[in-house]
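1. quick check, what structure comes out for this input:
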Amino acid sequence: MARQPLVMKRKPTFLFLFLFLACFALQGFGQTPAPATPLELQAKRTTKPIKIDGLINDEAWKDAPVMTNLVEFRPKPGQPENYENRTVAYLLYDDEGIYFGGYCYERTKDSIATELSGRDGFGTNDYIGLIFDTYYDKQNGFEYFITPLGEQWDAKMNSNSTDNENGPEDFTWNAVWKSGAVIHNDGWSFEMFIPYSAIRFGKGEVQNWGLNITRRRRKTEQQYTWNPIDVNVNGFLTQEGKWTGITNIKPPVRLQFSPYFSTYVNHFPSPAPGEKQWTSSVNGGMDVKYGINQAFTLDATLVPDFGQVQSDNRVLNLTPFEIKYTENRPFFTEGTELFSKGNLFYARRIGIDPVLLHSPDEYAGTNDKLIKNPSESKLINATKISGRTQKGFGIGVLNAITNTRYATLEDVNTKTQRKVVIDPLTNYSVIVLDQTLKNNSSVSLINTNVLRSGHDYDANVTAGLFSFNDKKNMWNVNGKAAVSNLIGLLPEGKTQTGYSHSVGFGKTSGRFNFNVGQELTNQKFNSNDLGYFTFTNFVDHFAWMGYRWTKPSKWYNNLRLNANAYYSRRLNPGSFQGANFNINANGQLKNLWFVGALIGYEPEGNNYYEPRKEGRVFRGWSNYFMNTWFETNNAKKYMLNAEVLYIKRNLFASERYSFSFQNRYRFNNQLTISLNTSISPQTNNAGFAGFQGDDVIFGRRDISTVENILNIKYSFNDKMNINTRIRHYWSEVRYKEFYTLQENGKLASNNTYTQNRNQNLNFFNIDMVYTWQFAPGSFINMVWKNAATQFTQLVNDGYFKNLSNTMKEDDNNNISFKVIYFLDYLQLKKIKKK
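-> Numbers count the residues shown, from 1 in each chain. As a prediction, this is how the structure comes out:
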């Protein structure tokens, strides 16, 4: 820390100081207006039956409280609904659950946007949604949506989920509830029944919940809410209405089972010696959901089966870090918003991508050859407990166990085989404590822990987080402090302890906003055993400021202008690493197109990671970059999203282009086809190539990457669909000249390094998924997965020749059938009584 004052003398830091002072000077611009008094709806209990068929003709609706006169919040904030497009909604409750119904009027039937896209499939649909904040803390909510064709979406909302990759809404969370919708000549009607088992709430005899409803008309992109939303105010739940006087409702016994049966048939034409071309398996297991009390739920997966999840989008990795792939296993994506806090949990560490401490080469003798090396560690079971009390105290506990992973080696002379440990029996756990506070504030404590059997080291990371807002929801200060312990990593079983922190301050409401902050991580901090962690030993400073125009003009509906600055130093010993400055603008035009552009500059920096050798540095390059994009009206049958990126570097006069095109055509409500194409050529790129003795070798290379993803979606009805996803990825690296990395970080020509470092890699995948929801929460899935890989160091072929060669490669085919049946204890109890 003795070198820290040197940081403050650098010119880039004066830029941050200037931005910081400018923000204060301009804070008066776009001041947030005083909040309006929230609307209130008196709760009413019904004793009359309601049939959930989408028709508002039941006697109970005649006496229901009404919500109408919705207010637009985009694209024209504050505008009331037109009478011909008005919304009339009703809300009731009884001992079993909540009833929500109503009518969304339209001028004609043709004004309704409809597309069958599957559960949580979004698509180009009109919709209406019901949002509850059951603890009325203005931070945590439950959302339930329905489309005119009767398809359901649902989500959990957390206004402080800044670390959640999905944003504040977690649509991976799924509840079991009933709904219906009917299209009429002058609009569409809907009904929902949300059982109390599909929502969490307290035990109070009389309760008040936060409440809002939202409606979206996709052909005009108008969105309305019952309680008005000011887009210049921080947060959605902070602007909710109120459902008052909910009396004598009791959380039910929440015990649900989802047993499954699955069978797989696999074919690979060229298996390893001793393995069959055809293999098959039959599996069975169960997911269990149990409400420990009104606030907390236990989820457990027993003998899990994740064989039908989507194939990874694998790519060629030229970086010094591992690729972070998307987690697709439902257990680790559904209802995990608490575990995302602090960005310390990467679920693929459990089973799929663990930190491997051993390899077959470690055990192999001169006469050994590798016979078998599994790509994953088998998950034995996983359990999570999560929930929040009525006083806003949230608890999340996740625990999972993976079995020992063995590789098999064989002596080529004696044919004797032996198993060696690659990944030991391991227990993974995450504990999160989160307390919501007034003014949309919170404090959290997160702990991740990895316990390995045997003599391998264990890992423990603990972090504290805070986020505080003022009473006017205008200013925010936030931060995180974390300590990592790698127990037994050092000689004599000693522990390596590291430290990391971040702190930020900003203005979050109004038309003008900003954020400034610092992040620091010392050389010994490491959260990689249960998280995704790359850079270490740094101190970064960042600043952002933005201004938004939310009132539509003659040519746009909304517009945002942003400026970003970033400055990074190595912590110990202190030295400059890099900086980045850019300005960008984006917005929506009157024709409902979205457009954006960015321009930026990055000065020459010091890269301590690309050399792949401790103590070495690559001086790198300076570059400027430009990016522009547009997206046409998504409500039209044809939609195009196009993006162009250009980067110009001073080293070797390197240039990089990137062209991305997303084409989607919606033939009708049932059939939609899209093609996503990405083309990225680079010339004279500089990067690590290998080692020559103690020397680090870099190369000047051309890189060409092309990716095509074809999606075909066909829905038979709102419960049955078939989705086909075909992906081909090709990347070619062609080295033209080699250089020795000098001690000063510069490159010197090397004429003696003759290794072929060229790479030509292809991935081809097909994922075809048939899904039928034959009962609430119950599914039949049939999946065909095809995968082929081709790698060569010959780089003379173009894209289409590579595609042709990949199609000729041996491919793996897997066909599976899976039945999941949902059982609810309360429903079973009712059946038994009958």
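
2. next, the buried residues of stretch 373-388.
-> In terms of neighbour count (16 or more other Cβ atoms under 10 Å), stretch 373-388 has its buried residues at 377, 379, 382-388. C-beta here means a position set from N, CA and C on the backbone, and glycine is covered the same way.

3. sorry, wrong one. I was asking about stretch 180-196.
-> With burial defined by 16+ other Cβ under 10 Å, the residues of stretch 180-196 counted as buried are 180-183, 187-196.

4. dump the residue contacts of residue 203.
-> 250-251, 294, 390 (Cβ atoms under 8 Å, 6 or more residues apart in numbering).

5. tell me the least confident of these?
-> Comparing pLDDT over the contacts of residue 203, the lowest score belongs to residue 294 (82).

6. for that one, list the residues it contacts.
-> If you count contacts by Cβ under 8 Å, 6+ apart, residue 294 has them with 200-203, 251.

7. closest to residue 226 among the residues you listed?
-> Residue 226 has its nearest neighbour among these in residue 201, at 19.9 Å by Cβ to Cβ.

8. can you tell me how far the closest one is from residue 816?
-> With distances defined as Cβ to Cβ, to the nearest Å, the gap from residue 201 to residue 816 amounts to 38 Å.

9. hmm, back to that, adding distance to residue 319 and secondary structure, write the contacts of residue 203 out as TSV.
-> Below are the contacts of residue 203 laid out as TSV (distance: Cβ to Cβ, whole Å; DSSP: H, G, I helix; E, B strand; the rest coil):
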residue	distance to residue 319	secondary structure
250	54	coil
251	49	coil
294	47	coil
390	47	coil
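
10. any idea which of those has the most stuff around it?
-> Within the contacts of residue 203, most neighbours by other Cβ atoms under 10 Å means residue 294, with 19 neighbours.

11. okay, and which of the buried residues of stretch 180-196 map to strands?
-> Judged by DSSP state E, those include 180-183, 187-195 as members of strands.

12. among those residues, which pair sits farthest apart?
-> The most widely separated members of these, counting by Cβ to Cβ, are 187 and 195 (27.3 Å).

13. adding pLDDT and distance to residue 451, write the buried residues of stretch 180-196 out as a markdown table.
-> Rendered in a markdown table, the data for the buried residues of stretch 180-196 read as follows (pLDDT from 0 to 100; distance: Cβ to Cβ, whole Å):
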| residue | pLDDT | distance to residue 451 |
| --- | --- | --- |
| 180 | 96 | 49 |
| 181 | 97 | 50 |
| 182 | 97 | 55 |
| 183 | 97 | 56 |
| 187 | 97 | 58 |
| 188 | 98 | 54 |
| 189 | 98 | 55 |
| 190 | 98 | 50 |
| 191 | 98 | 50 |
| 192 | 98 | 44 |
| 193 | 98 | 44 |
| 194 | 97 | 40 |
| 195 | 95 | 39 |
| 196 | 94 | 38 |
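
14. of all those, which comes closest to residue 788?
-> The nearest one, if we look at the buried residues of stretch 180-196 relative to residue 788 and count by Cβ to Cβ, is residue 181, at 42.4 Å.

15. name the residues of stretch 322-334 that are buried.
-> 327-334.

16. likewise stretch 582-589?
-> Applying a neighbour-count criterion of 16+ other Cβ under 10 Å, the buried positions in stretch 582-589 are 582, 584, 586-589.

17. and the residues you listed as CSV, adding secondary structure, distance to residue 499 and pLDDT?
-> Formatted as CSV, the entries for those read as follows, by DSSP: H, G, I helix; E, B strand; the rest coil; distance: Cβ to Cβ, whole Å; pLDDT from 0 to 100:
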residue, secondary structure, distance to residue 499, pLDDT
582, strand, 30, 97
584, strand, 34, 98
586, strand, 37, 98
587, strand, 41, 97
588, strand, 44, 96
589, strand, 48, 97
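
18. run a quick neighbour tally on residue 472.
-> That count, for residue 472 with other Cβ under 10 Å as the rule, works out to 15.

19. okay, it: pLDDT?
-> Note for residue 472: predicted pLDDT of 91.

20. where's it relative to residue 500, distance?
-> Counting by Cβ to Cβ - residue 472 and residue 500 are separated by 32 Å.

21. and residue 212, what element?
-> strand 206-217 (DSSP states H and E).

22. hang on, the earlier thing: mind putting the ones in strands among the buried residues of stretch 180-196 in CSV, distance to residue 57 included?
-> Listed next are these as CSV, based on distance: Cβ to Cβ, whole Å:
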residue, distance to residue 57
180, 12
181, 14
182, 10
183, 15
187, 15
188, 14
189, 9
190, 13
191, 10
192, 16
193, 16
194, 20
195, 22
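
23. what's the closest of these to residue 715?
-> residue 181 (14.8 Å).

24. can I assume the closest one is in contact with residue 145?
-> No. With contact defined as Cβ atoms under 8 Å, residue 181 does not reach residue 145; the gap is 11.0 Å.

25. so which of the buried residues of stretch 180-196 is the closest to residue 122?
-> Distances from residue 122 to the buried residues of stretch 180-196, taken by Cβ to Cβ, are shortest for residue 181, at 15.8 Å.

26. list the contacts for the closest one?
-> For residue 181, the contacting residues are 54, 146-150, 188-191, by Cβ under 8 Å, 6+ apart.

27. quick one, helices of the stretch 1-150 of the chain?
-> With DSSP state H, counting those that start in this stretch as the criterion, the stretch 1-150 of the chain has helices at 4-7, 11-25.

28. which one of the ones you listed has the lowest average pLDDT?
-> With a mean of 30, helix 4-7 has the lowest mean pLDDT of the helices of the stretch 1-150 of the chain.

29. could you find the closest non-adjacent residue to residue 598?
-> The spatial neighbour of residue 598 that comes closest, neighbours along the chain excluded (Cβ to Cβ, 6 or more residues apart in numbering), is residue 584 at 3.8 Å.

30. element containing residue 829?
-> helix 825-833.

31. report the angle between the axes of that helix and strand 187-195?
-> Comparing the axes of helix 825-833 and strand 187-195 via axes from the mean of the first three to the mean of the last three Cα atoms, to 10 degrees yields an angle of 80 degrees.

32. which residues are contacting helix 825-833?
-> Outside of helix 825-833, the residues that reach it under the criterion Cβ under 8 Å, 6+ apart are 197, 252-256.
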